[in-house]
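Peer 1: everything below, folded, please.
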Amino acid sequence: MLLSLFCGAGGLDVGFEAREYEVGLAFDLRKDSIASYNHNRKSRPSHGHVGDVSKLTLEKLDELHGSEFAPEGVIGGPPCQSFSRANTVYLDADPRHSLPLAYAKLLGTLNERNPVKFFVMENVTGLLSERHAHRLRRYESAFQEAGFTLNRAVLLATDYSTSQIRERLFLVGFNSDLYGDAKWTPPPKIPTADGRRPDVRQAIGHLPDATYYKRGLTSDRIPHHVNHWCMKPKSAKFTTPGALKPGDGSNRSFKTLAWDKPSPTVAYGHREVHIHPSCTRRLSVYEAMLLQGFPPRYELIGSLSSQIVQISEAVPPPVASAVALSIRTQIAALDCAREPAAGMSATEARARA
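Peer 2: Coordinates of the predicted model:
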């Protein structure tokens with residue numbers, strides 16, 4: 001069983017659930033994100049909760065779980081906008097800088113009560129920059145003090161069956177009391193059948209046209225999928241011949257996708273949702289979800305703008321799945337090595353080891 005922090009709409013969790021992990025409790029500050037999270041997990045709809053991670057206590061976790069909560073692992077991606085390389089407004093006192101420390105503190109408290117085998121923290125690669133290097137060192141020290149041996153890796157989404165160029169930092173720790181100095185080995189790349197990178201056509205080329213937003217539009221009136229909607233184009237660029245060209249990413253507000261290439265990072269600022277390869281409109285929320293690698297039947301709750309925020313902040317599930325499989329495989333091997341071999345005493349097993 002896992003504890004999921006800063007879970008958002010559940011992208012990281014989808015990947016771990018695909019590898020037979022069960023999430024016992026999940027937390028995020030955004031109400032719509034938790035609504036989406038629970039909506040897609042109807043067999044256990046009460047596991048996602050609106051809550052401030054920095055204020056969580058063992059007592060609160062036990063209360064919500066209904067008994068003593070002892071997760072095998074903790075996963076989560078603290079809000080990362082302040083660490084992004086695209087963030088040109090740098091505020092040293094940004095309160096989000098303390099969230100990884102809150103994560104480490106809660107992890108340490110849980111680990112003191114019952115051993116937690118591993119943790120995963122996902123974030124943007126901007127955390128590796130010189131500007132934030134001192135913070136990353138501080139975060140890593142906090143996780144080490146919580147009782148974990150660390151390793152980090154930058155993973156590219158296109159290497160894991162995702163039609164999107166998205167680099168993310170993964171910091172993974174194994175319990176040092178249980179596994180000594182054993183460190184996580186990042187997952188190998190997943191080759192495609194034809195050796196080419198996953199592209200936009202592969203993800204969304206089969207879809208019908210999207211429904212345009214209008215006041216009073218309800219999800220039951222959106223054909224094909226409840227999230228297959230977008231804003232109606234207003235800029236003259238959409239109707240001016242040659243103004244938009246497939247694959248042109250030179251204009252931040254009008255980055256246009258090409259069918260035969262991966263999408264740029266699915267992370268949209270104000271009025272910056274990428275342009276469909278047809279050059280006639282912006283992507284629908286559902287198209288962005290598929291470019292992120294969400295299951296086709298996954299659904300997001302909330303307004304159009306809220307859904308865009310949710311999908312922009314999500315972890316691509318196929319990448320999460322690769323990380324989860326690597327952890328499950330390695331932890332299983334480490335647990336097996338800790339158990340005395342059949343027919344041998346514990347003393348003999350230690351001597352042979």
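
Peer 1: confidence score at Glu17?
Peer 2: pLDDT, Glu17: 97.

Peer 1: leaving out sequence neighbours, find the closest residue to it.
Peer 2: Val23 (6.8 Å; Cβ to Cβ, 6 or more residues apart in numbering). Using the backbone N, CA and C atoms, a C-beta is placed for each residue, glycine as well.

Peer 1: which ones are touching the one you found?
Peer 2: Taking Cβ atoms under 8 Å, 6 or more residues apart in numbering, we find Val23 in contact with 1-4, 7, 13, 16-17, 47.

Peer 1: just the ones in strands from these, please.
Peer 2: Under the assignment DSSP state E, the contacts of Val23 contribute 2-4 to strands.

Peer 1: among the residues you listed, which one lies nearest to Pro223?
Peer 2: Ser4 (32.5 Å; Cβ to Cβ).

Peer 1: wait, what's in contact with that closest one?
Peer 2: Here Ser4 is in contact with 10, 12-13, 23, 25-27, 74-76 (Cβ under 8 Å, 6+ apart).

Peer 1: same thing but 7 Å
Peer 2: Counting by Cβ atoms under 7 Å, 6 or more residues apart in numbering, Ser4 makes contact with 12-13, 23, 26, 75-76.

Peer 1: swap in Lys117?
Peer 2: Counting by Cβ under 7 Å, 6+ apart, Lys117 has contacts 72-73, 175, 178, 331.

Peer 1: rewinding a little: switch the ones in strands among the contacts of Val23 over to JSON lines; also include distance to Thr192 and pLDDT.
Peer 2: As requested, the ones in strands among the contacts of Val23 are exported to JSON lines (distance: Cβ to Cβ, whole Å; pLDDT from 0 to 100):
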{"residue": "Leu2", "distance to Thr192": "29", "pLDDT": "97"}
{"residue": "Leu3", "distance to Thr192": "34", "pLDDT": "98"}
{"residue": "Ser4", "distance to Thr192": "29", "pLDDT": "98"}
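
Peer 1: and which of those residues is nearest to Ser303?
Peer 2: Ser4 (23.8 Å).

Peer 1: quick check: bridge partners of that closest one?
Peer 2: According to DSSP bridges, the partner residues bridging Ser4 are Ala26, Ile75.

Peer 1: mind checking how far it is from Leu56?
Peer 2: 12 Å (Cβ to Cβ, to the nearest Å).

Peer 1: buried residues in the host helix or strand of Leu61?
Peer 2: Assigned by DSSP states H and E, Leu61 falls within helix 58-65. By neighbour count on 16 or more other Cβ atoms under 10 Å, the buried set for helix 58-65 is 61, 64-65.
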